[in-house]
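Colleague: Provided below are the primary sequence and the corresponding predicted coordinates.
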Amino acid sequence: MAQSNPQKDIAITLPDGTVKTFTSGVTGLEIAESIGAGLAKAAIAVSVNDKQRDLSDPIYDDASVSIITLKTDEGLEIMRHTVTAQLLARAVKNLYPSAKLAIGPTIENGFYYDVLFEEPISSEDLPIIEKEMRSIAETNAPITKTLNSKEDAIKAFKERGEDYKVKIIEDADQDDDFQLYQQGDSGFIDLCHGPHLPSLKHVGAFTLTKLAGAYWRGDSNNEMLTRIYGTAFATQKELDKHLFMLEEAKKRDHRKIGKEMGLYALEPEEIGVGLPLWMPKGEIIRSELENWVKQIEADAGYNAVRTPILGKAKLYETSGHLPYYKDDMYAPIQIEDEEYYLRPMNCPHHHYVYKQIPKSYRDLPYRVSEYGDVFRYESSGGLSGLMRARGFCINDAHIYCREDQVEEEFIKVLEMYRFYYEKLGITEYQMRLSKAAKDKSKFVDNWPEWEKTQNIARQAMEKIGFPFVEEEGEAAFYGPKIDVQIKSAIGTEYTISTNQLDFLASDRFNLTYTGEDGKEHPIYVIHRAPMSSHERMVGYLIEHYAGHFPLWLSPTQVVVSGIVDKHNDHVQKVVERLKAEGIRAEGDYRNEKINYKIREHMAAKVSMVAVIGDKEAENGQINIRRLGSKDQNTYDLEQFITDIKEEIATKALPAGFGEA
């Protein structure tokens, strides 16, 4: 860090607008002390012109400065970084001197460190490592930093046999200012961009949670490392609350509930990873969603189509997928001296649907929809049950429109999102305007069109009144998009829906219409998938409802059981009556106690259990126990049928839906 003039006065602007004068070279800690002893005691780092710095770093020029404490999200992340890079890494080296350290970043609610162990470790070793971490933390040792040349940094880690650190430094695009942190006189050092806590006394409550495998630099051609995960919070109370929530979240995990309910099989070995196998009960949920959406789309003027799941390489060259998206596509299939690819998206096929019949301005907008299977070669480490798979069926559609129609159509799609979410009881989500970054390797190089289409998307969001954030670098390669970010009940954030504006397809596919002037004009294309894919949406809804589906989506809506065997004939008649009315009903004819059968069906997330005894059989009644309720109520059979058909038709949410 170059020192400009250590004797000059500099102006430091604080968050409240106060400007204070200091001598050049003042540190964050000294600024905190000038404000108050309490702040200095709580300070752990400093933000200088919105860049995080260590508390001991000198500030040489005028700057805007804020003091970071553990009470902020920034402070919590810095503390977690210190726990992983200074506590976990040092504890591992103390216990396993031959281990080699790779990387140790923070992640949401925690951290991890990738390590190469000479001998494998197991989850049983985590308490031992954690105990060593606590022992180190109790020393309250100061954490200091030195700035080193590339040569000196490489030498320091070569002496310690830390091959991965050496490789990171060698590959770095810099020659100076490599930051090495150490604790007191322990001799332990780690390479890090920082900042870190000023001392270990600021470490909060932490625990190690699990082990996993991870390839060095995410490349399957490299060696497999052991990834140690952990979490940390400012206080033990906050940590305990987080761990409790994690345990509760396990009850909602779609992989667990889906297996228990018999909805699908995840990644059968003989079929392939990332390729779910839908079972009959799971297909019921898929079909109900699809039929509902198809009716909504038909009412909104969409034209349903069916297109092939693969196409020639030339098709994806034209669309831009091969130049920009090839790494996420399956390898080509050689057929009659030509290469074919499984489609990663439906859009190129839909463009040819549009092209089959010439369009005039009167024919627009032209809306094409399809529940179409697509295939993407996600890395095996990125797969996550139904939430991230390699083969899935997407609720896709493309709207071909004039420039003057784009905003209105964009808004209609957003309104469709809102309708679906309200009906499904989805209330917590965030809209994100995903924009391009000026990286020509990832995005089409046409910045005037980027500016125009990003403004259209922004104006549409502002008109409909949805709150949204803007994020650079997250756009599709062919245009900006609105991503709906949603957090599942187990805490994982996903993009559940997308609404994209494409200015590229018109040129690449020669998509035009005849205007009022008799001339050909380019088309704008809106790509939209409000209901995501079957896989991700069903996985999300399983966790959202904790398996307690609304009646219209429930695979088994009613199970009918007699109290004793003599009631089975009547049970069968009731089941047949319910089925005749389109109600998904089953009979339970087992010779088991009725309370046992009720408990079993409730555990299997059956929406209702109908019990028939002597009184019910004689009076044409059924006694109903609903999932999520301890009450049992008796109904006239015909009235019961009328009531639940109304509940199914209106897609009502049950009282207390989503409770585990």
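Modeller: Sure thing, it's come through.
Colleague: tell me the contacts of the closest residue in space to Asp176 that isn't next to it in sequence?
Modeller: Nearest residue to Asp176 in three dimensions, chain neighbours excluded: Ser149, at 5.6 Å (Cβ to Cβ, 6 or more residues apart in numbering). Any C-beta I mention is one placed from the backbone N, CA and C, and that applies to glycine too. Ser149 is in contact with Asp175, Asp176, Phe178, counting by Cβ atoms under 8 Å, 6 or more residues apart in numbering.
Colleague: and the last one, bridged to which residues?
Modeller: When you say that, I think you mean Phe178. Asn148 (DSSP bridges).
Colleague: contacts only, for it.
Modeller: Leu147, Asn148, Ser149, Lys150, Asp152, Ala153, Ile169, Ala172, Leu191.
Colleague: got the confidence number for the nearest residue to the first one once chain neighbours are set aside?
Modeller: Using Cβ to Cβ, 6+ apart and skipping residues adjacent in sequence, the residue nearest Leu147 is Asp177, 5.0 Å away. Asp177 is assigned a predicted lDDT (pLDDT) of 90.
Colleague: any low-confidence regions in this structure?
Modeller: Low-confidence segments of the chain (pLDDT under 70): 1-6, 267, 438-442, 444, 654-660.
Colleague: go again with 50.
Modeller: Where the chain drops to pLDDT under 50, the residues are 1-2, 658-660.
Colleague: for the residue positioned nearest the centre of the chain, give its distance to Ala249.
Modeller: By Cα atoms, centre = their mean, the chain has its centre lying nearest to Tyr494, at 2.5 Å. Plainly put, Tyr494 is 15 Å away from Ala249 if you go by Cβ to Cβ, to the nearest Å.
Colleague: same question, Val560
Modeller: 34 Å.
Colleague: compare those two and say which is more crowded by neighbours.
Modeller: Val560 (26 against 16; other Cβ atoms under 10 Å).
Colleague: show me which residues of stretch 302-317 are buried.
Modeller: Counting neighbours by 16 or more other Cβ atoms under 10 Å, one finds that the buried residues in stretch 302-317 are Tyr302, Thr307, Leu310, Gly311, Leu315, Tyr316.
Colleague: nope, stretch 234-243 is what I was after
Modeller: Neighbour-count burial for stretch 234-243 flags Ala234, Leu239, His242 (criterion: 16+ other Cβ under 10 Å).
Colleague: would JSON lines of those residues with distance to Asp363 and secondary structure be doable?
Modeller: Listed next are the buried residues of stretch 234-243 as JSON lines, based on distance: Cβ to Cβ, whole Å; DSSP: H, G, I helix; E, B strand; the rest coil:
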{"residue": "Ala234", "distance to Asp363": "61", "secondary structure": "coil"}
{"residue": "Leu239", "distance to Asp363": "61", "secondary structure": "helix"}
{"residue": "His242", "distance to Asp363": "55", "secondary structure": "helix"}
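Colleague: which one of the residues you listed sits closest to Gln632?
Modeller: His242 (37.9 Å; Cβ to Cβ).
Colleague: Thr207 falls within a strand, correct?
Modeller: Yes. Under DSSP: H, G, I helix; E, B strand; the rest coil, Thr207 sits within a strand.
Colleague: wait, doesn't it sit right on Glu238?
Modeller: No. With contact defined as Cβ atoms under 8 Å, Thr207 does not reach Glu238; the gap is 12.0 Å.
Colleague: neighbours of Gln500, how many?
Modeller: Counted with other Cβ under 10 Å, the neighbours of Gln500 add up to 24.
Colleague: please apply the same query to Ser533.
Modeller: Ser533 has 23 nearby residues by other Cβ under 10 Å.
Colleague: skipping its backbone neighbours, what lies nearest it in space?
Modeller: Excluding its sequence neighbours, the residue lying closest to Ser533 (Cβ to Cβ, 6+ apart) is Phe392, at 4.1 Å.
Colleague: same check on Thr231?
Modeller: Gly110 is the one closest to Thr231 (Cβ to Cβ, 6+ apart), at 3.7 Å.
Colleague: beta partners for that neighbour?
Modeller: Ile107.
Colleague: before we move on, what about the one 4 residues further on?
Modeller: Applying DSSP bridges to Asp114 yields these beta-bridge partners: Arg227.
Colleague: next one: Thr27
Modeller: Where Thr27 sits in a bridge, its partners, by DSSP bridges, are Pro58.
Colleague: touching, it and Asp57? I think so.
Modeller: Yes. Applying Cβ under 8 Å as the test, Thr27 and Asp57 come out as touching, 6.4 Å apart.
Colleague: need the residues touching each of the two.
Modeller: Counting by Cβ under 8 Å, 6+ apart, the shared contacts of Thr27 and Asp57 are Val46.
Colleague: quick one: whatever helix or strand Thr231 lives in to chain centroid distance?
Modeller: Thr231 is part of strand 224-233, with elements assigned from DSSP states H and E. The chain centre lies 19 Å from the centre of strand 224-233; the measure is Cα atoms, centre = their mean, to the nearest Å.
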